[in-house]
Each structure stands twice: as structure tokens, then as C-alpha cells.
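[1] mind folding the following:
(chains A and B)
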Amino acid sequence: MKRADCIKALYPELEDRLVVTIMGACAQELYDLGHRENFFYLEHAMGLASSIGLGLALNLPHEKVVVMDGDGSVLMNLGGLATLARYQPANFTHLIFDNGSLLSTGGFASHTTSGVTDIAAIARGCGCPKVSLVTSVYDFMAAAAEAFEGNEMATIVAKVEAVGPDHYGMDMHLPENAFRFVRYIKERQKVTSGG
Amino acid sequence: MTVSRDNSKAVYQGIKESGVRFLSALPETWLVYLLQLADDDPEMCLIEVAKEEEAVGIAAGAYFAGKPNILLMQNHGFLASINGIVSLAMLYRVPLCMLIAVRGHWGEPYPWHTQGGIHTEPVLRGLGLPFEYARDPAKVGKQIKEAVTFANSSLSPVALLLTRDLMED
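    Below is the predicted model:
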């Protein structure tokens, strides 16, 4: 299974959700499907995408937050999984694409290669309430649908191939992405509050 | 030396008067009463993290959500958060208002705090981060308010350093 295929299948479902991605391939693959104002790409600070998602989800309980994470980033912020489990906002879906590789920074094997480290087990051990492990796009979409319809924090670990796009780059400066994301959320709150 | 309950209240009062209702923190001795006050206050949302750099991410998420917020940490936690401060907050122009307990400086009896204490200010200066020292309980409220204001107007991380004079009796 390729991460790009998962993201492509999920893309239509992301229209009304606040989406935070990690750096590199994951961000690029989402961006290449067409940027939306509800997407924020964290192109550095590995590990903090899930923490950003937590800050969003706790402060916007009526919104749905989706974080697209990776094994390399999760391994850099394992404590963050425990913090997520402690507060477990119901409006938070954590997608962890596990390609067993630090693909965007040279393709070196990560600790999850060959099943040495089991991120789903770590998430369960942290106390994340609903953790699934998927290996096909069909199962990924089924788990995502269940997560999106459910009323508890969900963690989906998707085992994917260590392949990514052949190009990197966005027609948008990084602060511009942040400014537009803030503005989008602000406008959206006015609409949803009827103000 | 004990942690000052009265001055912790003054700091907390300052946080409340700044309008902030969302805190992310890693507990530390000087922050004990402060965090208890936050925990007991139904108006305040306090998120405790496993490591301080997480709080930078959480603060960014809160800012994106339109929620003014403050981070509370020890200076060693600040030192452990540098990449998040640089490659999330500074890179994306995200305001961070950090209240940092400065352990390991003038009067510090514990050797283990000293290197962190000695290097905190040079690191702040190296990063070009605006900072002020808070020493006086009568002034700390105004300083907190100003820190929140400046973080949000400059879209930058700022630090208010909580000193021994303020935090200990």
C-alpha cells in the first residue's frame, strides 16, 4: 500500500476537517491533490504535528481535526502520544503512515522497519482508546470512516511502502500557510457561530 | 527557601487578567502553586505535557484556533524545546508567550540546575528572543499582560523569566 493512494482516497473526506500534516512526502502528496485552506503543512519541527492537532482539537471541540503523521515523526515525540491519550479529544483522528523509513531525509530505516518497533502497540500502551493497524487502502478507508463517524479519539497506523513524490515544493510560503489557516478557521467560526 | 504562595497567586492573577484561559505546562517546583491554581480554576484549561517541546505544538494549535494562551515551563524545558521554537514558531510566525522559571542562577544551591541557569539568557539572546525578568510581585501582572500583547503583535516567541526573587519566599 502506498501512502499517496491512502491520501488520495481520503482527500474528498477532508473538505470539512482541519488537517495538519508532517513534513516532506506526506505534505507534498496532500498538496499535490489540491491545496485547501483547511490544510496546514508542518514542514519542520518533526513530531509536533500531533501536538498542534491536540491544541486545535481541545480549543475547537465542534470541529473535526485530522493529523497525518509518520513513524519518524511519532518516534521523535513518543511522549506526545501519551499526552494525546491523557486528554483524548473525541474530535481528533490521528493517521500515522508507517513506512519504516526516514524517507524525506535520505531513506534510512526507522525503528519500525521489519516490525522491530510497533507504533500501534505503543499507542495502545499509552492509553489511546481506539487504535487500528491497516495494510490495505480498503481497510484504511474503512478505519477512517469509522473514526470520522465515531465519537472518540482514533489512531490509525497504516503500513505503507517507503516511496514518495519525485518533487518537492509548494507555491506558498510557510508563514503564508499559517496566516491563511488562521484566517480560514476564524472565518469558519463566524459562520458556524452565526456571527 | 520555599516556593512563594502569595507571589504564585500574583502570577496567576496576572495570567487571568491578561485574558488567557488556556495553559500548556510541564510541572516544576516553582510552578507548583501556580499549576494548582490553574487546575482548581474551572475557567482555565490546563494541559500538562510529557516534554516541553510538545507545549510549543499545542500552543501553535491553540493560536490557530484563535485562543490566546501561555506556556509554563522551567528553563531546562525551554532549552529542550528550541527546535520547536525555531522550526515551528519562528518559521511560521506563530506567537508563543512563555513564562519560564529560571532555575540555576544567582543564589542557586543545587548544582544540577546551574549549567542550564547560566546558559538560558545567552540562548535567548542567541535566538533573538525578546525577554524580560519578573522579580516584583507588584509588577508581574503587567509584565504578563505585556508579554501576551507583544507575542501576538510581533507573531514571535517571547519569554518572561520568573526569577528566584519572585518565586521563593
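
[2] which strand or helix spans the residue nearest the centre of chain B?
    Centroid check for chain B by Cα atoms, centre = their mean gives residue B:99 as the closest residue, at 1.5 Å. According to DSSP states H and E, residue B:99 maps onto strand B:96-101.

[3] what helices or strands is that strand leaning on?
    helix B:52-64, strand B:70-74, helix B:75-79, helix B:140-154, strand B:157-162 (3 or more Cβ pairs under 8 Å, 6 or more residues apart in numbering or on different chains; DSSP states H and E). In short, each C-beta sits where N, CA and C put it, glycine included.

[4] angles on the backbone of residue B:122, please.
    The phi/psi pair for residue B:122 (degrees, to the nearest 10) reads phi -60, psi -40.

[5] just checking: what are the partner strands of the one helix or strand in chain A whose mean pLDDT sits lowest?
    None of the helices or strands of chain A scores lower by mean pLDDT, DSSP states H and E than strand A:101-102, at a mean of 83. If you go by DSSP bridges, strand A:101-102 pairs up with strand A:108-109 (antiparallel).

[6] bridging residues for the residue nearest to the centre of chain B?
    Residue B:99 forms beta bridges with residue B:72, residue B:160, as assigned by DSSP bridges.

[7] and it, what is it in contact with?
    By Cβ atoms under 8 Å, 6 or more residues apart in numbering or on different chains, the contact list for residue B:99 reads B:11, B:15, B:70-73, B:144, B:147, B:159-160, B:162.

[8] how far off centre is the least confident helix or strand of chain A?
    Distance, stretch centre to chain centre, for strand A:101-102: 16 Å (Cα atoms, centre = their mean, to the nearest Å).

[9] can you check stretch B:52-61 too?
    With Cα atoms, centre = their mean, you get 12 Å for stretch B:52-61.

[10] pull it out as CSV, backbone CA atoms only.
    The C-alpha trace of stretch B:52-61 is given here as CSV (Å, rounded to 0.1, in the frame of the first residue of the first chain):
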residue,chain,number,x,y,z
GLU,B,52,8.1,20.8,27.0
GLU,B,53,8.5,20.9,23.2
GLU,B,54,5.0,19.4,22.9
ALA,B,55,3.7,22.5,24.5
VAL,B,56,5.1,24.6,21.6
GLY,B,57,3.0,22.5,19.2
ILE,B,58,-0.1,22.7,21.5
ALA,B,59,0.3,26.4,21.8
ALA,B,60,0.5,26.7,18.0
GLY,B,61,-2.7,24.7,17.7
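
[11] re earlier: of the contacts of residue B:99, which is the nearest to chain A?
    Nearest to chain A among the contacts of residue B:99: residue B:71, at 10.8 Å, using Cβ to the nearest Cβ.

[12] what about that closest one, how many residues nearby?
    Applying other Cβ atoms under 10 Å in any protein chain shown, we find 27 other residues in the vicinity of residue B:71.

[13] give the contact list for the nearest residue to residue B:119 once chain neighbours are set aside.
    Leaving out its chain neighbours, the residue that sits closest to residue B:119 by Cβ to Cβ, 6 or more residues apart in numbering or on different chains is residue B:79, at 7.3 Å. Residues near residue B:79 by Cβ under 8 Å, 6+ apart: B:116, B:119-120, B:123.

[14] scan the residues you listed and report the most crowded one.
    Ranked by neighbour count (other Cβ under 10 Å), the contacts of residue B:79 have residue B:120 at the top, with 23 neighbours.

[15] all helices of chain A, in order?
    For chain A, applying DSSP state H gives helices covering A:3-10, A:25-32, A:49-59, A:71-76, A:78-87, A:119-126, A:137-149, A:174-193.

[16] comparing those helices, which comes out most buried?
    helix A:49-59 (a mean of 29; mean count of other Cβ atoms under 10 Å in any protein chain shown).

[17] what's the nearest residue to residue B:163 once chain neighbours are set aside sitting at in phi/psi?
    Leaving aside its sequence neighbours, residue B:163 sits nearest to residue B:135 (Cβ to Cβ, 6+ apart; 5.0 Å). Phi and psi for residue B:135, reported as degrees, to the nearest 10, are phi -120, psi -20.

[18] just give me the neighbour total for residue A:105.
    Residue A:105: 11 surrounding residues under other Cβ under 10 Å.

[19] residues in contact with residue B:157?
    Residue B:157 sits next to B:85, B:89-90, B:95-98, B:127, B:129, B:151 when contact means Cβ under 8 Å, 6+ apart.

[20] can I get those residues in JSON lines including pLDDT?
    Formatted as JSON lines, the contacts of residue B:157 follow (pLDDT from 0 to 100):
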{"residue": "B:85", "pLDDT": "98"}
{"residue": "B:89", "pLDDT": "98"}
{"residue": "B:90", "pLDDT": "98"}
{"residue": "B:95", "pLDDT": "98"}
{"residue": "B:96", "pLDDT": "98"}
{"residue": "B:97", "pLDDT": "98"}
{"residue": "B:98", "pLDDT": "98"}
{"residue": "B:127", "pLDDT": "98"}
{"residue": "B:129", "pLDDT": "98"}
{"residue": "B:151", "pLDDT": "98"}
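
[21] out of those, which are buried?
    Those of the contacts of residue B:157 that meet the buried threshold are B:85, B:89-90, B:95-98, B:129, B:151, by 16 or more other Cβ atoms under 10 Å in any protein chain shown.

[22] farthest pair within the residues you listed?
    The two members of the buried ones among the contacts of residue B:157 with the most space between them (Cβ to Cβ) are B:90 and B:97, at 14.2 Å.

[23] chain A contacts on chain B?
    When proximity is defined as Cβ under 8 Å from any Cβ of the partner chain, chain B approaches chain A at B:22, B:24, B:45, B:47-51, B:53-67, B:69, B:83-84, B:87-88, B:91-94.

[24] done for today, thanks.
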